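Student: Starting from these lines, generate the structure:
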Amino acid sequence: MKQKLLAACAGAFAALGISTAFAAPLEIQFWHPSLGPIDDALKQQIEAFNTSQANYRIVASGRGTYDETFNAAIAGFRANKHPQMLVVIAQNAQSMLLSGSVYPVQDLLAAEGHKVDWSNYIQPVLNYNRTKEGKLLSLPFSVSTPILWYNKDAFAKAGLTRAPVTWDEMGEYLTKLKASGMECGYTSGWQQWVHVDNYSTIHDLPIATEHNGLDGTNAVFTYNKTAVVKNIARLGTWADDGRYTYSGRQGSSATPAFTGGKCAMMTHSSAVFSALQQSAKFAFDSAPLPYETGATPHNSLIGGGAIWVLKGHKPEEYKGVAAFLAHLASPNQQAKWHQDTGYMPITKAAYEKVKGEGYYDKYPQQEVAIKQIQRGTPTLNTMTVRLGNSNQYVAALEEELEAVWSGKKPAQQAMDDAVRRGNEILRRFERQRN
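Tutor: Alright, predicted model coming up:
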């Protein structure tokens, strides 16, 4: 409507011989990983902003995987052709922070006059993207956390009426599910994220020294000295007797085993909800991740992407960036994003809006992650993981986990080897940054 009105005015002025020079909206580049079907939801968010005002136009560009998007931005920054905004996976936060290229989101919003009630944000989500002093570095965007998904039909056949609460109870469930005829009791996507990072966070265990790297780049891994080893050993036993099936490193590799009815339970991202709705031919539900018997569980750790703002652009462009970020964080847009994608809302206002509209009465699976992420009192062990060269150390850990699942190494040896290799990678990162 606005564009039609401008065109009509331009035509009328031209007929009268009056010159028209309407200023084109200022274009702002937004690079993000290609998110598949979720790209449509992102386009709607951007279109809502672009049509709400005439000064700025957000131009989105999918750049492949998270790694490909990150690498493209590095190349763009070196050539002074980088975007104003970039979506980066949570694990690369340390690399972004130390790059010298970041305009902290909290500073940007304050400089552009946006008054933000940070107490209205879901704090564990903010914590992952903050400095130790509490400054928000990037805006949480495609936020998820791992939860437990289970096949209600398979449970009913095995005489089970609810999800397991503890890992001990889960082992008992798996035995019953196998006895009822299930080929596989349990599988997992993102095994490192679930069984090392989130297991540690939920049990308030350190993953590395220096508060998981938050206090400095001299951190060393310590998860080979905690109950993580017991957890991995237990999974190794389940892999050996067929109760646990390893489906691969990525989340997408585990989903078919669950939706195809092979495995009765799956730990996976909360954002997989829409995919399960489309593919599962059975009734399914979700529950919080299990924890150890006798433990008091803490919040889980988030994953997904955050929007980082890059330095080196004109002041007037940052006004548009700030306006767009405020748009994305508004309750209406957050509520829509949550319902369209399965990603969690980042504000309490958006959560309460969705809840008040009865959405969780219809889709209770969508509320599990939000409750889990706010469980307990956050500590420096449960706040974030801020370590460099994350892709490399995760790959090393994944290899060692695979050695456990295949019976090639006992859990303690595998975790010792993973820590040794991971620490070597952290030291390379430290040398590169000093």
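Student: Settle this for me: K311 is touching P104, isn't it.
Tutor: No. Between K311 and P104 there is no contact under Cβ atoms under 8 Å: 10.2 Å. From N, CA and C alone the C-beta is placed, and that goes for glycine too.
Student: who has more neighbours, the two?
Tutor: Taking neighbours as other Cβ atoms under 10 Å, K311 and P104 compare with P104 leading, 18 against 13.
Student: Do you know the pLDDT at that one?
Tutor: For P104, the pLDDT comes out at 96.
Student: contacting residues for it?
Tutor: Under the criterion of Cβ atoms under 8 Å, 6 or more residues apart in numbering, the contact partners of P104 comprise 135-138, 309.
Student: Most neighbours among the residues you listed, which one is it?
Tutor: S138 (27 neighbours).
Student: What about the residue nearest to that residue when sequence neighbours are not counted, how many residues nearby?
Tutor: Among residues not flanking S138 along the chain, A306 sits closest, at 4.0 Å (Cβ to Cβ, 6 or more residues apart in numbering). Residues lying near A306 (other Cβ under 10 Å) number 26.
Student: chain center to stretch 227-243: distance?
Tutor: 26 Å (Cα atoms, centre = their mean, to the nearest Å).
Student: so who does D197 touch?
Tutor: D197 neighbours (Cβ under 8 Å, 6+ apart): 207, 301, 385.
Student: now G100: how far from A110?
Tutor: 20 Å (Cβ to Cβ, to the nearest Å).
Student: In TSV: the contacts of P104, plus pLDDT, distance to N381 and secondary structure.
Tutor: TSV is the format used below for the contacts of P104 (pLDDT from 0 to 100; distance: Cβ to Cβ, whole Å; DSSP: H, G, I helix; E, B strand; the rest coil):
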residue	pLDDT	distance to N381	secondary structure
K135	91	20	coil
L136	94	20	strand
L137	94	20	coil
S138	96	22	coil
V309	98	29	strand
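Student: Among those, which pair sits farthest apart?
Tutor: Greatest spatial distance among the contacts of P104 (Cβ to Cβ): K135 and V309, at 13.2 Å.
Student: rewinding a little: report the strands that pair with the helix or strand harbouring the residue nearest to S138, each with its relative direction.
Tutor: With secondary structure defined by DSSP states H and E, A306 is part of strand 303-309. In the sheet, strand 303-309 lines up against strand 85-89 (antiparallel), strand 139-144 (antiparallel) (DSSP bridges).
Student: So which of those is nearest R431?
Tutor: In terms of Cβ to Cβ, the element of these nearest to R431 is strand 85-89, at 22.4 Å.
Student: got a list of contacts for that closest one?
Tutor: 28-33, 66, 69-70, 73, 96, 138, 141-142, 303-310, 321, 324.
Student: Tell me which residues of that strand come out buried.
Tutor: For strand 85-89, the neighbour count (16 or more other Cβ atoms under 10 Å) marks 85-89 as buried.
Student: Quick check: beta-bridge partners of the residue nearest the centre of the chain?
Tutor: Closest to where the C-alpha atoms of the chain average out (Cα atoms, centre = their mean) is G304, at 2.0 Å. Going by DSSP bridges, G304 is paired in beta bridges with V143.
Student: Now for the residue nearest to L126 when sequence neighbours are not counted: which residues touch it?
Tutor: Spatial nearest neighbour of L126, excluding adjacent residues (Cβ to Cβ, 6+ apart): L136 at 6.2 Å. Shown in contact with L136 (Cβ under 8 Å, 6+ apart): 104-106, 118, 126, 129-130.
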